[in-house]
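Colleague: Got a sequence here, can you model it:
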Amino acid sequence: SAGTSLNMVFLFIFFFFFFSSSLLFFFFKQKTAYEIKECDWSSDVCSSDLNFVVYPDVEVIYQYENNLFLTSTKEFADSSYVVRPKIQVELPYARSYFRAGYSGEYRDYARYNIRDNWTHTVTAEGKMELASGVDVTVRQRFVQSTLYTEEFDPGREVYFGNDRFRTSRTEGELGYHFSRRIEGKVNGSFQSVNFTADQNAGTPRTFFDYRVYGGGVEAEYKVRPNTSLGVEVGGSVTTQDRAFEGVGDGRKIRGSYAGLVLRGHLTPTLSGELSGRFRRLRFEEEAGFAGSKGADYKGSVFRLTLSNRFSPSTMATLSLGREAQQSGFVGNNYFVATDGFLTVTQNVSRRTFWSLGLSFQTNAYSGTSAAFGGVKRDDDISSVKAGAGFYFHRRASARLNYQYENRDSNIPLFNYTNNRYMAEVNIGW
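Modeller: Sure thing, here's the model as predicted:
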């Protein structure tokens, strides 16, 4: 399998960069219509004289971990080769823009026979600002994968999966500037998660299909040029397909929230956002499935994010939060996740850099499970990430990464420890 992986690596690098170079050659030759320039991908709009930007990128990774399935017993060690081709394009126009990107991943393990080697991610975002004070923003994200469980379970209840799934999320926002200081926003979203029908008979499913419809309104007031305070209210309806658990195939969760959000720059180098909400989740019992209602959630949630650039070469990001997440654990409607992470990055010189990340998360479940002695499940998850790298060229780098992760649960079945080692080479823009 390792030989197949190496062949895939060279094949991807050759064809991907041949295609990307052809695109760049075409656009360079057509300077009267297109002009290629570098710009900050994170900025809303690049320079006004920029017409089209293409960012090709390829990562090649060797990875080893001593507990691939994240189990409490009988740890399974394995290594894998990963190839990640990416391409991003941007088309800015005046104060508007359109961005789109594709990221693929081919992963091949030495021992484990993964159900689907491929992961596909497609993103698109567009914003149009009109002279009348109206702006419209639309975002789309599509993922097809097996391993990346956080795409359908952001609360990290599920930590390993081998079922194919597709998730799609569409967001839209309409804003109107009543004055230089006051803006009103109306937003809506739709997300769907679907597992494919190739599940092996008799094996437990990783999670369940669901659909979420959401919407809300926000009034924002600029306290200072770089700082704003907003008031927001909204709601959502989630429909779960849990017929395989005997809970029903149309169970609904009705959610609502109201809160405040403060965002902006506290100092020239320190920026952040603080949002606090009162949230309610009501779980409905589906007709014909008596006893499927369970407990509702009513309480506070929040998220604080701070970023500080200590110097041109050193940056740190801190995030703390609390959120109620839907649960697939038997006997539970939801769990409350309280989390925090800190990341620090530094460019030591023009060619060398390092990074460090620390994170923790506590998941407190709502109900008891008779299958596990009638106790309420509580998980504590901690992680440490460290890495260092070297730039061979401004378009080529290599890095070594290490990650330690531990889950400590009051139900021993869910305990695990894993060590992951990675060697990466990156070529791209």
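
Colleague: only C-alpha atoms for contact and neighbour calcs from this point on.
Modeller: Fine.

Colleague: where do the helices sit along the stretch 301-429 of the chain?
Modeller: Ranges of helices in the stretch 301-429 of the chain, per DSSP state H, counting those that start in this stretch: none exist.

Colleague: Bridged to residue 228, which residues?
Modeller: residue 222, residue 263 (DSSP bridges).

Colleague: same thing with the one 5 residues further on?
Modeller: Partner residues in beta bridges with residue 233, using DSSP bridges, are residue 217, residue 258.

Colleague: Distance from the chain centre to stretch 211-231, please.
Modeller: When C-alpha coordinates are averaged (Cα atoms, centre = their mean, to the nearest Å), stretch 211-231 and its chain have centres 21 Å apart.

Colleague: what mean pLDDT does it have?
Modeller: Mean per-residue pLDDT for stretch 211-231: 95.

Colleague: begin at 2 from here
Modeller: Shifting the count to begin at 2 puts that one at stretch 212-232.

Colleague: Show residues contacting it.
Modeller: Among residues not part of stretch 212-232, those counted as contacts by Cα atoms under 8 Å, 6 or more residues apart in numbering are 182-194, 233-241, 259-267.

Colleague: same thing but 7 Å
Modeller: Counting contacts by Cα atoms under 7 Å, 6 or more residues apart in numbering, the residues outside stretch 212-232 that touch it are 182-194, 233-241, 260-266.

Colleague: got it, and stretch 390-408?
Modeller: The set of residues that contact stretch 390-408 without belonging to it, under Cα under 7 Å, 6+ apart, is 352-355, 380-389, 416-430.

Colleague: Swap in 8 Å and give it another go.
Modeller: Against stretch 390-408 from outside (Cα under 8 Å, 6+ apart): 351-355, 380-389, 415-430.

Colleague: ditto for stretch 339-356
Modeller: Taking Cα under 8 Å, 6+ apart as the criterion, the residues outside stretch 339-356 that touch it are 314-324, 357-364, 386-393.

Colleague: Okay, helices next: where are they in the stretch 52-201 of the chain?
Modeller: Listed in chain order (using DSSP H, counting those that start in this stretch), the stretch 52-201 of the chain turns out to have no helices.

Colleague: tell me the strands in it, going along the chain?
Modeller: Across the stretch 52-201 of the chain, reading from the start of the chain, the strands by DSSP state E, counting those that start in this stretch fall at 54-66, 79-94, 97-110, 119-130, 135-146, 166-178, 183-196.

Colleague: Now mean neighbour count too, for those, in CSV please.
Modeller: CSV is the format used below for the strands of the stretch 52-201 of the chain (neighbours: other Cα atoms under 10 Å):
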stretch, mean neighbour count
strand 54-66, 20
strand 79-94, 20
strand 97-110, 19
strand 119-130, 18
strand 135-146, 19
strand 166-178, 19
strand 183-196, 18
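
Colleague: Export these as JSON lines, with columns for mean pLDDT.
Modeller: Shown next, in JSON lines, are the strands of the stretch 52-201 of the chain (pLDDT from 0 to 100):
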{"stretch": "strand 54-66", "mean pLDDT": "93"}
{"stretch": "strand 79-94", "mean pLDDT": "93"}
{"stretch": "strand 97-110", "mean pLDDT": "94"}
{"stretch": "strand 119-130", "mean pLDDT": "94"}
{"stretch": "strand 135-146", "mean pLDDT": "95"}
{"stretch": "strand 166-178", "mean pLDDT": "95"}
{"stretch": "strand 183-196", "mean pLDDT": "95"}
